[in-house]
Structures are given as C-alpha cells and as structure tokens.
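J.: mind looking at a prediction? Sequence and model below.
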Amino acid sequence: MRRYQRNILNEMIQTLWEAADQTVKQVQSGNKDAANALLQQSQECAISMGNTIETLEGEGFITVSRLESFCETLFQIAQMLSSEDGSDAAKIGKMLQKSLIAVENSMNNDIHVTTETVFLPYKAAMWDSLESVWLKTKEDPDDTSFVIPIPYYEKNPDGTFREEFYEADMYPEDVPVTGYREYDFEKRHPDRIYIHNPYDDANFVTSVHPFFYSKNLKKFTDELIYIPYFVLDEPDPDDKEILKKLEHLVAMPAVINADKVIVQSEAMKKAYVNIMTGFAGKESRPYWEKKISGEGSPKFDRVLRASASEQEIPPKWREKTDNPDGSRKKIILYNTGIQAMLDNDMKMVEKIRDALRVFKENKDTVTLLWRPHPLLEATIRSLRPDLWKEYEEIVRQYREEDWGIYDDSADLDRAIAVSDAYYGDPSSVVELYKKTEKPIMIQNAEIIEKVRK
C-alpha cells in the first residue's frame, strides 16, 4: 500500500476514535438516538476502509478482519442501547476502545507501506542536479521511482512561447524514462516530487510546461522538493551586497511553493534563509530554517563520481585530442556562460571570437573543448537579439572548420572529467570544476579592448 493511501486510512481511523468518544458522551447524556446515528456512521466508515484495504491488499487481509470485528462490536452496542445495559457508558467505551486499538495496531504493523517518487527534469544537461538522489531512491526496495522528462519552451521577447523542446531521448542509457503523458499525477499522487526548475513563469528566456509549475505540482504530492540546477560561489551569508545579487535566483516560486529546498552547503542555506526572511519578515525565519536544507548539491556527487571513473572520449573527439604517436594533447574546457554575455554584450562576442583565434593557432598542442551554457543561444535570441547573428556566425564557423570540439551534449560531467584545465566565464561550472582540483582561469571581456588600443 502506498504511504499516501495509508495516511488517508489513518485519518479515517481518527474519525472513528472521535465518533467513539462522542458515542460515549451521548450515552452518558441519555441521548440514545444520537448514539445510534454515530454507530451507523462509524459502520459506514469502517466498511469503506475495509473495501479500500481489500482492493489494495487482497481478500482475507488481516486488517479487514479487524474491521469486521469492529463492525460486530458496533452491532452489539446497538443491541445494548435497546436493553438494560444501554446506559452503561463505561462498558460501551471499553468495547469501542478495545476494538479500535486492534484495528489501529493492524494498520500500523500488518500493512506494508511503500512510496512513489517522481523526478521531473526538463533539460537533460541538468539531470546531474537530481541524479544522485535518484540513484539512492532506486536502491530502496520500498520505493518506486519515475524519471519523467518534461517539455519546455523558449520564449519570444514578448514572453510568448516560441518552440517546444522535449529531451526524453537524451538521458543516459541506465536511466529509464517515463513519458509525461503516460503518468497520471492526480490518480497516482506520488509521495514525493523532485524538481530543479525554480522559475514557474518568472523566467524571461524559457518556461517548462505550465502544468509543471511548482504552484500546480504541489496539488499532486505530499512533498514537493526543489533542488537548484545550478551551484554558485560559496557566499558570505551576512554580506548584504552578495545577498542582493543572489535574490533573483533565490526568491523564486519553487522556493516558496516547495515543502523542502536542498541547497549546496550550510553557507548557502544561511544565505537563502536570510534572503527569504527579508522578503517574508523576521517572524518567518524559523519556517525557512526548517524548510531549507544545506545537505549538498547532487551536482557535486556527479562530478566526483565522474572524475573517479574512466570517461571514454568519443572517437570523433579523439581525432582532435590524440597526436600521431598516440599521446594526448592537453584538453581545455572553454565554458561560455549566460551572465557574462548579458553583462558584456558585444564585448563578449568579440572576446569569444578572439579566444577561438588563439586556440586555433595552438591547436597542434592544445585541444579546445568549447561547451556553451545549454541556454546561452536561447538567452541571446530572447534578450539580446541584436547579438544573435554575430554569435550564430561564430558558432557556425567554428563547427564547420572542425578544428576543435563543440560539446552541446547533455553530459557536462564528461567534459569536466576528460579536460585538463578550465578557461571561461564565472559560472556554476567553476564551482563543479574546483572539486577536480585542476587549473581554472577566468576570461575577461575587457582584455580585448585593452590589447587593441
């Protein structure tokens, strides 16, 4: 039996206890008609419970027998009410108590409870923010888990949906996926739902399907859990300027609507708590302290696991990474992010163009592995349409010349594991890369301008 189903039955048990208490009080008051009415209602409730349990657990299940005995007790009490013993409230109370205890004990001890957990990733490249939780869940024999990729849309500058993306075929082979149309959320009512999209309709660039907004999902589960798809620089949670910069990532619908929020560290938890307390008022601090957990990001788990194991370099990549003598060139992971582009506009376009020129000149000794943020193109098209043609041309030329690797796959961890150093923009990838203890260099869009003067 699912946990949520037993929770409903437990609520019905409490209703029977309350009815038993009221029955005794009505007997004490001499109101036998009201007592009989309560006995009738209790019998109907017990029959309903028995039918539910029999459907879920099979005929002859022991808890159903206990409920049948309880109904027999109700009948005996109804008979007593028309006899001389009908005023013995203490005796009636003991009979009800003994029978209900037997039902409740069987509910708690004889029914095997299972749970159902749903994971709702939207971009396959961000699956690493949920993966290690899924791995633990699928090892639990009492839990059934479903990975259900959900559709998302790029937005036009006016906020309307432009193009639908559905990446169900891009997940690792060992991750069984379920189509979002195949799972009935209302009927199945999963015990837990994990999400990694915080925005609902508050993102100017993309949106998941509105059905999967956190404000809607909370209707269909006992526990909605949000884990950010990103990791950030470790903050000073008492620095007001840092907190101000984090607000646009923290004060989001999923943080408000989720029952639990899991972030990358205790320091980040304190930052979240301080920010949300600032919005909701100081009296809300205990609520956020309880709701937000700093137990760590699954993204860190994934990087460490990938770094500890051998990562196979695709054959097409090897054409660029391997020397004729079989030795391997140094591989530089070049990561271009969203915020750097939004902050620097055309300067960043020129910076990317110049960086590619330098790496091309050194391609005989170094292999460039260029991996833009998965949402960079969509962001430029939506928020910086004047830059789109320039950026699109850079990508097109790089891919056509084919002297370096262009990685737009869902496997960020492979790129981190096989590369020897990081070069690029400040981003969540930097925080992941730190775990490898390999060299990191941050690019500066201003350097181009200074060199050219």
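T.: Received, thanks. Since we're looking at a predicted model, the values are computed, not measured. Residues are numbered from 1 along each chain as shown.

J.: in stretch 405-416, what counts as buried?
T.: I405, D407, A410, D411, L412, D413, R414, A415, I416 (16 or more other C-beta atoms under 10 Å). (C-beta placed from N, C-alpha, C; glycine too.)

J.: stretch 183-196 now?
T.: For stretch 183-196, the neighbour count (16+ other C-beta under 10 Å) marks F185, R188, H189, P190, D191, R192, I193, Y194, I195, H196 as buried.

J.: dihedrals phi and psi, the last one?
T.: Right, H196. When quoted as degrees, to the nearest 10, the phi and psi of H196 stand at phi -130, psi 10.

J.: for the nearest residue in space to it that is not next to it in sequence, grab the count of nearby residues.
T.: Among residues not flanking H196 along the chain, Y229 sits closest, at 4.1 Å (C-beta to C-beta, 6 or more residues apart in numbering). By other C-beta atoms under 10 Å, 22 other residues sit near Y229.

J.: do R181 as well
T.: 8.

J.: and it, how far is that from F146?
T.: Remark: distance between R181 and F146 (C-beta to C-beta, to the nearest Å) = 13 Å.

J.: ok, Q22 next?
T.: 42 Å.

J.: who has more neighbours, these two?
T.: A count of neighbours by other C-beta under 10 Å puts F146 above the other of Q22 and F146, at 19 against 16.

J.: in terms of secondary structure, what does whichever strand or helix holds the more buried one contact?
T.: Assigned by DSSP states H and E, F146 belongs to strand 143-147. Using 3 or more C-beta pairs under 8 Å, 6 or more residues apart in numbering; DSSP states H and E as the contact criterion, the elements in contact with strand 143-147 are strand 115-120, helix 131-138.

J.: just name the most buried of these.
T.: Compared across the helices and strands packed on strand 143-147, strand 115-120 shows the largest average neighbour count, a mean of 22 (mean count of other C-beta atoms under 10 Å).

J.: now do that strand against helix 131-138, angle only.
T.: Computed by axes from the mean of the first three to the mean of the last three C-alpha atoms, to 10 degrees, the angle separating strand 115-120 from helix 131-138 equals 160 degrees.

J.: neighbouring strands for strand 115-120, and are they parallel or not?
T.: Applying DSSP bridges, strand 115-120 is found paired with strand 143-147 (parallel), strand 192-195 (parallel).

J.: run through the neighbouring helices and strands of the following helix or strand past the shortest one.
T.: When you say that, I think you mean strand 192-195. Next in sequence after strand 192-195, counting helices and strands by DSSP H and E, comes strand 206-208. Contacts defined by 3+ C-beta pairs under 8 Å, 6+ apart place strand 206-208 against strand 152-155.

J.: which residues does the strand it packs on contact?
T.: The contact list for strand 152-155 (C-beta atoms under 8 Å, 6 or more residues apart in numbering) reads 122-123, 161-166, 197, 203-209, 378, 381-382.

J.: next structured bit after it?
T.: Next element after strand 152-155 (DSSP H and E): strand 161-165.

J.: who touches that following strand?
T.: The contact list for strand 161-165, computed with C-beta under 8 Å, 6+ apart, reads K123, P151, Y152, Y153, E154, K155, N156, S207.

J.: got a PyMOL select line for the buried ones in these?
T.: The buried subset of the contacts of strand 161-165, as determined by 16+ other C-beta under 10 Å, is captured in PyMOL by this line:
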select buried, resi 123+151+152+153+154+155+207
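
J.: for the contacts of strand 161-165, give me JSON lines that also has pLDDT and distance to V103.
T.: Listed next are these as JSON lines, based on pLDDT from 0 to 100; distance: C-beta to C-beta, whole Å:
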{"residue": "K123", "pLDDT": "93", "distance to V103": "48"}
{"residue": "P151", "pLDDT": "97", "distance to V103": "45"}
{"residue": "Y152", "pLDDT": "96", "distance to V103": "47"}
{"residue": "Y153", "pLDDT": "95", "distance to V103": "50"}
{"residue": "E154", "pLDDT": "92", "distance to V103": "55"}
{"residue": "K155", "pLDDT": "91", "distance to V103": "54"}
{"residue": "N156", "pLDDT": "89", "distance to V103": "59"}
{"residue": "S207", "pLDDT": "96", "distance to V103": "48"}
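
J.: now K138, nearest residue through space, not along the chain?
T.: Among residues not flanking K138 along the chain, S145 sits closest, at 5.2 Å (C-beta to C-beta, 6+ apart).

J.: list the contacts for the one you found?
T.: Residues in contact with S145 (C-beta under 8 Å, 6+ apart) are E116, T117, V118, F119, W134, T137, K138.

J.: distance check, the fifth one against I225.
T.: Think W134. Going from W134 to I225 by C-beta to C-beta gives 12 Å.

J.: any common contacting residues for these two?
T.: Common neighbours of W134 and I225 (criterion: C-beta under 8 Å, 6+ apart): Y194.

J.: contacting residues around stretch 305-324?
T.: Contacts to stretch 305-324, defined as C-beta under 8 Å, 6+ apart, come from residues 132, 328-329, 331, 363, 367, 369, 403-405, 413-414, 416-418, 435-436.

J.: buried subset of those residues as a ChimeraX selection?
T.: To isolate the buried members of the contacts of stretch 305-324 in ChimeraX, using 16+ other C-beta under 10 Å:
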select :132,329,331,367,369,404,405,413,414,416,417,418,435,436
